[in-house]
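Engineer: sequence first, then the predicted structure:
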Amino acid sequence: MNPIKNGLVHARVWHEVDAKNKTLGKLAARIGIALRGKYKPHYNPAFDYGDYVVVKNARHVALSGNKSTQKEYNWHTTYPGGLTTIKYDKFIENHPTGPLKKAIWGMLPKNRLRHIQMLRLYIYPDDHHPYEHNILKDHTISNVDNQQTTTTSDSQPR
């Protein structure tokens, strides 16, 4: 095998994702795939071949239904009576990137690589971030959630 081609396969790519008006869970699942490197041909769950992901406009992520008023985030201090619950609205006011970060955290496998993969995730609440010169793949597609039908030359849907 050619070492140059092998080196390019193992290279980490920087992805930019625009989270504006994207569904929280679907976006988190796609970002989790990029952080793990599952789309690469040499993917192995025991090794860390994932890429860097920069997410912008995280405070503008969308939720379906009434989840923006009903969704709750819970954590416990391990002391008696230490359960703390906060609604999505309050959580995004205090931590604009928190809901997306927790969703991506939940999408990653529960093993030792999880912490390492999360270190390659950069989430920003607005448009501006300092990694614009590193971006190789821009995933600012208008419809991440919606599937688009492709047509052949005969104009027949597949």
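Structural biologist: Yes, it's here. Numbers count the residues shown, from 1 in each chain.

Engineer: how near is the residue nearest to the spatial centre of the chain to L108?
Structural biologist: Geometric centre of the chain, nearest residue: I31, 2.8 Å, by C-alpha atoms, centre = their mean. According to C-beta to C-beta, to the nearest Å, I31 and L108 sit 10 Å apart. Any C-beta I mention is one placed from the backbone N, CA and C, and that applies to glycine too.

Engineer: may I have the helix or strand encompassing H15 as PDB, with CA atoms only?
Structural biologist: For H15, the host element (DSSP states H and E) is strand 14-18. This file holds the C-alpha atoms of strand 14-18, laid out as PDB (Å, rounded to 0.1, in the frame of the first residue of the first chain):
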ATOM      1  CA  TRP A  14     -12.200  19.900   9.800                       C
ATOM      2  CA  HIS A  15     -16.000  20.100   9.300                       C
ATOM      3  CA  GLU A  16     -18.100  23.200   9.800                       C
ATOM      4  CA  VAL A  17     -21.800  22.700  10.600                       C
ATOM      5  CA  ASP A  18     -24.400  25.400  10.700                       C
END
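
Engineer: strands paired with it, and their directions?
Structural biologist: Partner strands for strand 14-18, per DSSP bridges, with pairing direction: strand 52-56 (parallel), strand 137-139 (parallel).

Engineer: closest to M118 out of those?
Structural biologist: strand 52-56 (10.1 Å; C-beta to C-beta).

Engineer: checking F91 next. Helix, strand or coil?
Structural biologist: helix (DSSP: H, G, I helix; E, B strand; the rest coil).

Engineer: now for it, how many residues are close by?
Structural biologist: 16 (other C-beta atoms under 10 Å).

Engineer: that one reaches T97, doesn't it?
Structural biologist: No. With contact defined as C-beta atoms under 8 Å, F91 and T97 do not form a contacting pair (10.5 Å).

Engineer: I'd say K67 and Y88 touch.
Structural biologist: Yes. Counting by C-beta under 8 Å, K67 touches Y88, with 6.6 Å between them.

Engineer: these two: who's more crowded?
Structural biologist: More crowded of K67 and Y88, by other C-beta under 10 Å: Y88, with 18 against 13.

Engineer: any idea how far that one lies from A34?
Structural biologist: 24 Å.
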